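In: here are the coordinates; sequence isn't available:
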Ligand SMILES: [Zn+2]
C-alpha cells in the first residue's frame, strides 16, 4: 500500500456491516453524530462497486467501506479499502454522492495502480473525476455526457492550466481534476467507446498492484485503438490552452 493511503482514527465508533457485493465485504465506520445523515448515501456504495467493476474490471481489494468522522477536515481521502469522509459533506446529498463515487474510483486509480511520480497526479484525480461522470451516465437518464463535456471544457478553458505536469504547488489544482477528467472523454470521443473501455480495463489489468505513468496509459490506449495518441495527449495534458472536445 502506498504510504499516503494510511490514516489512523482514534475514538468511539459505530460499525456497520452490509451484504457483500461480488465477494467484496462492505463495512462502514461512523464517528459520533454522523450516522443519520451519512448512512442513506453510503448504502449505495455496493451499487457503485457493481457499476465501476463493469467499466474498469473487478474491484481490486477484498473489502471496501467508508469511515465517517465528525471533524470537518475539508472533504475526503481514498484510504485503501476504507475511505475517510468529513461528516459535514453528507448534508449536501448531491455533492456527497459525487465524492463517495470519486473515492471509490480511487481504489482502482491511485490505490491498486499507484502513480510512479507525482507529476502524473492526473492519473489519480482525472480518473476519479471522470468516474463521477461515468456514474451519472450510468444512473441518470437525463445526463448527456457528451454535451456536459463540451460545456464543461468551454466553461473551464479561460482558467485552466495544463494538468499533465502541475508542479508541487498545483498538485491538487482544479484543472488536474477537471481538465484531467475531460482528457479521458477526449480519448473516448477519438477512439470510440469499445476501444476506450477495452483499453481502460487492460490498463488496470496490466498494472494491478504496481506503479504507473502517463506513458503506460498512453501506450495501452494506443494498443487498444491502433491509433497514435501523441498529439491528443500533448494537447490535453501539456498545452497551455484546453483543446476543443473532439466531435
Ligand atoms: Zn481524488
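Out: Perfect, thanks for sending it. In this text, all values refer to a predicted model and were calculated from it rather than measured experimentally. Numbers count the residues shown, from 1 in each chain.
In: Okay, and residue 25 sits in which element?
Out: Here residue 25 sits within strand 24-30, counting by DSSP states H and E.
In: So which elements touch that strand?
Out: Counting contacts by 3 or more Cβ pairs under 8 Å, 6 or more residues apart in numbering; DSSP states H and E, strand 24-30 is packed against strand 14-21, helix 35-42, helix 45-56, strand 63-64, strand 66-69. In this view, the C-beta of every residue, glycine as well, is placed from N, C-alpha and C.
In: Next, the buried residues of the first one.
Out: In terms of neighbour count (16 or more other Cβ atoms under 10 Å), strand 14-21 has its buried residues at 16, 21.
In: Test for you: state the pLDDT assigned to the closest residue to the ion within the chain.
Out: Distances between the chain and the ion by Cβ to the ion are smallest at residue 128, namely 4.3 Å. Residue 128 is assigned a pLDDT of 98 by the prediction.
In: tell me the phi and psi of it?
Out: phi -70, psi -40 (degrees, to the nearest 10).
In: One more: the one 4 residues further on?
Out: Reported as degrees, to the nearest 10, the phi and psi values for residue 132 are phi -60, psi -40.
In: Surely it touches residue 100?
Out: No. The criterion here is Cβ atoms under 8 Å, and residue 132 misses it with residue 100 at 9.5 Å.
In: what about those two, which has more around it?
Out: Higher neighbour count among residue 132 and residue 100: residue 100, with 25 against 18, using other Cβ atoms under 10 Å.
In: could you say which helix or strand contains that one?
Out: Counting by DSSP H and E, residue 100 is part of helix 93-105.
In: neighbours around residue 169, how many?
Out: 7.
In: Could you tell me how many residues sit around the residue lying closest to residue 168 once chain neighbours are set aside?
Out: Leaving aside its chain neighbours, residue 168 sits nearest to residue 118 (7.5 Å; criterion: Cβ to Cβ, 6 or more residues apart in numbering). By other Cβ under 10 Å, 12 other residues sit near residue 118.
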